[in-house]
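>>> Any chance you can model this:
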Amino acid sequence: MMLRTLCRSGGAFLQKTQQTVPRLWVTPAQQRWASSLPMNTVVLFVPQQEAWVVERMGRFHRILEPGLNFLIPLLDRIRYVQSLKEIVIDVPEQSAVSLDNVTLQIDGVLYLRILDPFKASYGVEDPEYAVTQLAQTTMRSELGKLTLDKVFRERESLNSNIVHSINQAADEWGIRCLRYEIKDIHVPPRVKESMQMQVEAERRKRATVLESEGTREAAINVAEGRKQAQILASEGEKAEQINRAAGEAQAVLAKAEAKAKAIHLLSDALTQQNGNAAASLSVAEQYVSAFSNLAKESNTILLPTNTGDISGMVTQAMTIYGTLAKATPKLESVTAEKVEEKREDPANLSA
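Just a heads-up that it's a prediction; the model follows:
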């Protein structure tokens, strides 16, 4: 009966205390991260992913785990309720100066999780405010090490450096920063205009370079084409000259062979009966044909005194032919004697 009365009076006292005192015990960050402080009803059910920090007579006693838990009225009090889920915090926009003295307005998002509820409750007064201020100061420090161009190119390395710096300081608070993401980076209008001009100049430069490279490639291709065309033309001309020379040589040989055959046939015909008469007729025909072609190729003409005496001209030609015919047997006999002498000389040497 006394225990029941004590429990009722203790519950009423705790309820009255919860109505008047929680604003002095709970910070705004703790109210955001977890539910309102529960009342000690002896039998408590702790939700999953929450840690309830219990104090006994004003001193830390234990941390209630999810599930069924029992507390002693009046002596035990739930002092802090910490959420073990991943927490998202918006880092307010702030100004920072880069290495090349450009003022930037930058904000971000911080993702963290409570690993040790005891340190998060007793290590720092306001964990959210502490982590936010640490993120802002770390961001300004890291931005001061980079130029404006590197800030945009190395956002991932900047985020990782901020996370590493926050984790080094927040380890004593039982908080671990999982990642930090930069949301927006605002630059002054004049700097933005200069960056736009720089981008346009860079694009014009690339366009000019590409155009010059295209012109150079086109000139190289044209020169290479002309070179190949000249080589092919010279090779064609060379082949044409070779073929022409071969054709002319074959024509000369054919003409020589034909002339030789004609001379052979003519000599055979002259040795036959009435050969001289036939030769006289051929000479007369050629004489008449030669006079018919006079003054066709040149205006200068040299004529013998007896141009109209065809029989005299024929007789003169036949006389020359007879003289050559008589000289030919003598040459043949002389050649035969030389050949015989050469044959006899080796015999005399051997003797």
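>>> Could you pull out the helices in this protein for me?
Taking DSSP state H as the criterion, the chain carries its helices at 2-20, 22-25, 28-33, 117-122, 127-143, 148-153, 155-170, 189-271, 275-292, 310-350.
>>> Do me a favour and average the pLDDT over the third one.
Computed over helix 28-33, the mean pLDDT rounds to 46.
>>> hang on, the earlier thing: by mean pLDDT, show me the worst of the helices of the chain.
Among the helices of the chain, helix 22-25 scores lowest, with a mean of 34.
>>> And the residue lying closest to D116 once chain neighbours are set aside, how far from Q168?
Leaving out its chain neighbours, the residue that sits closest to D116 by CB to CB, 6 or more residues apart in numbering is G174, at 3.1 Å. All C-beta spots, glycine's among them, are computed from the backbone N, C-alpha and C. For G174, the distance to Q168 equals 14 Å [CB to CB, to the nearest Å].
>>> Show me which of the two is the more surrounded one.
Neighbour count, other CB atoms under 10 Å: between G174 and Q168, G174 has more, with 20 against 12.
>>> mind listing what the more buried one touches?
I114, L115, D116, P117, F118, K119, A120, G123 (CB atoms under 8 Å, 6 or more residues apart in numbering).
>>> ok, which pair from these is furthest apart?
Distances among those were taken as CB to CB; the most separated pair is L115 and G123, at 11.6 Å.
>>> who's in contact with L158?
E142, L143, L146, V151, I182.
>>> Could you rerun that using 10 Å?
The neighbours of L158, taking CB atoms under 10 Å, 6 or more residues apart in numbering as the test, are I106, G108, M139, E142, L143, K145, L146, K150, V151, F152, Y180, I182.
>>> Tell me how far the second one lies from Q133.
From G108 across to Q133, the span is 13 Å (CB to CB).
>>> tell me, what's touching these two both at once?
With CB under 10 Å, 6+ apart as the test, G108 and Q133 both reach V91.
>>> Who has more neighbours out of those two?
Of the pair G108 and Q133, G108 is the one with more neighbours under other CB under 10 Å, namely 22 against 12.
>>> and the more buried one, what are its bridge partners?
V91, I182 (DSSP bridges).
>>> if we can go back for a sec, quick check on the residue nearest to D116: phi, psi?
G174 adopts backbone torsions of phi 70, psi 20, taken as degrees, to the nearest 10.
>>> what's the distance between it and P66?
Taking CB to CB, one finds G174 at 18 Å from P66.
>>> Q49 too?
Q49 is 7 Å from P66, by CB to CB.
>>> anything in contact with each of those two?
Common neighbours of Q49 and P66 (CB under 10 Å, 6+ apart) are L84.
>>> In this model R77 seems to touch M39, though I could be wrong.
Yes - using CB atoms under 10 Å, M39 is in contact with R77, at 9.5 Å.
>>> More neighbours: which of the two?
Neighbours were counted for M39 and for R77 using other CB under 10 Å; R77 has more, 22 against 15.
>>> and the residue nearest to the more buried one when sequence neighbours are not counted, what does it touch?
Closest residue to R77 apart from its sequence neighbours, by CB to CB, 6+ apart: E55 at 5.3 Å. E55 makes contacts with H61, R62, L75, D76, R77, I78, R79, Y80, S121, as judged by CB under 10 Å, 6+ apart.
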